[in-house]
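*Asks:* Need coordinates for the following:
(one chain, ligands or ions: 1)
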Amino acid sequence: MDEFRDTAGEPVGADIDTWVRSFTRKESDSSELPPHHPNCLGCGPENPNGHFLSVRRDGDGVIAHHHFDQRHVGAPGIAHGGAVATVMDDLFGFLLYSVGELAVTRRLELDYLTPVLLDNPYILRAAVRSREGRKLHLTSTMEDAGGRSVITATALFIVVEVEHFLKSQKNPRT
Ligand SMILES: CCCCCCCCCCCCCCCC(=O)SCCNC(=O)CCNC(=O)[C@H](O)C(C)(C)COP(=O)(O)OP(=O)(O)OC[C@H]1O[C@@H](n2cnc3c(N)ncnc32)[C@H](O)[C@@H]1OP(=O)(O)O
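*Replies:* Got it, this is the predicted structure:
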């Protein structure tokens, strides 16, 4: 079995099959959902450059409490828009535990309603709006502690087979 490799071609400790199987673990409704990968930029606990996003189920959707720090600065005191997009994209990825299928981002759209401040607590929520075949239409919000909406986002995720990830390896198994 091929090992899952990062973009530098280095093995990251698990093969694709093991990685995919890890998603089938049943989690209780209130439990924290597992990261997509130990080194995931959004939620991986072993990525020192990542966001360490921690996400739970919330009804049919997901919820996260999050803050950005100095590693994510754009303008002074304000989170970089790309860092915010990373987190929203990753949040959407947690909906897949409920969908129960693998999928990847095809389109991601954000409205930056007000600046996202560093070291400020935010509440992020995401849900599946609708599904048409392989197309998952997803929606999310980020609110500040006062309940003011600072970000709204939508995404189109496309359901894929495990082969999508195998083909993307440096040394694909075909
Ligand atoms: C088991 C439980 C798992 C749980 C947990 C799993 C975790 C699993 C990893 C998660 C990780 C998360 C982390 C964050 C999420 C990333 O970061 S994902 C990484 C970033 N995304 C990518 O790398 C994707 C790159 N893109 C691709 O590989 C390919 O474009 C795709 C997305 C696979 C789609 O390719 P394709 O299969 O050839 O699809 P295509 O026929 O072009 O389009 C499909 C449909 O969408 C439509 N469409 C395409 N673009 C658009 C558009 N912009 N607007 C409207 N419709 C569109 C097409 O018209 C078509 O419609 P139908 O004809 O089916 O009606």
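*Asks:* so how far is the ligand from Pro48?
*Replies:* Distance, Pro48 to the ligand, using C-beta to the nearest ligand atom, to the nearest Å: 18 Å. Where you see a C-beta, it was placed from the backbone N, CA and C, and this is true even at glycine.
*Asks:* Report how many residues lie close to that residue.
*Replies:* The tally of other residues near Pro48 (other C-beta atoms under 10 Å) stands at 8.
*Asks:* What of Gly77?
*Replies:* Neighbour tally, Gly77, other C-beta under 10 Å: 12.
*Asks:* Any idea how many residues pack against the nearest residue to it once chain neighbours are set aside?
*Replies:* Using C-beta to C-beta, 6 or more residues apart in numbering and skipping the chain neighbours, the partner closest in space to Gly77 is Leu118 (5.7 Å). Residues near Leu118, counting by other C-beta under 10 Å, number 19.
*Asks:* And Leu33, by the same measure?
*Replies:* For Leu33, using other C-beta under 10 Å, the count is 22.
*Asks:* Now the residue of the chain found nearest the ligand. Nearest residue, chain neighbours left out?
*Replies:* Closest residue of the chain to the ligand, C-beta to the nearest ligand atom: Gly93 (2.8 Å). Distances taken as C-beta to C-beta, 6+ apart place His36 nearest to Gly93, at 5.6 Å, with adjacent residues excluded.
*Asks:* Show me which positions of the lengthiest helix in the chain end up buried.
*Replies:* The residue-count maximum for a helix in the chain (DSSP state H) belongs to helix 81-94. For helix 81-94, the neighbour count (16 or more other C-beta atoms under 10 Å) marks Ala83, Val84, Ala85, Thr86, Val87, Met88, Asp89, Asp90, Leu91, Phe92, Gly93, Phe94 as buried.
*Asks:* Please report the distance of the first one from His67.
*Replies:* Between Ala83 and His67 the distance is 12 Å, computed by C-beta to C-beta, to the nearest Å.
*Asks:* which residues do those two both contact?
*Replies:* Common contact partners of Ala83 and His67 (C-beta atoms under 8 Å, 6 or more residues apart in numbering): none.
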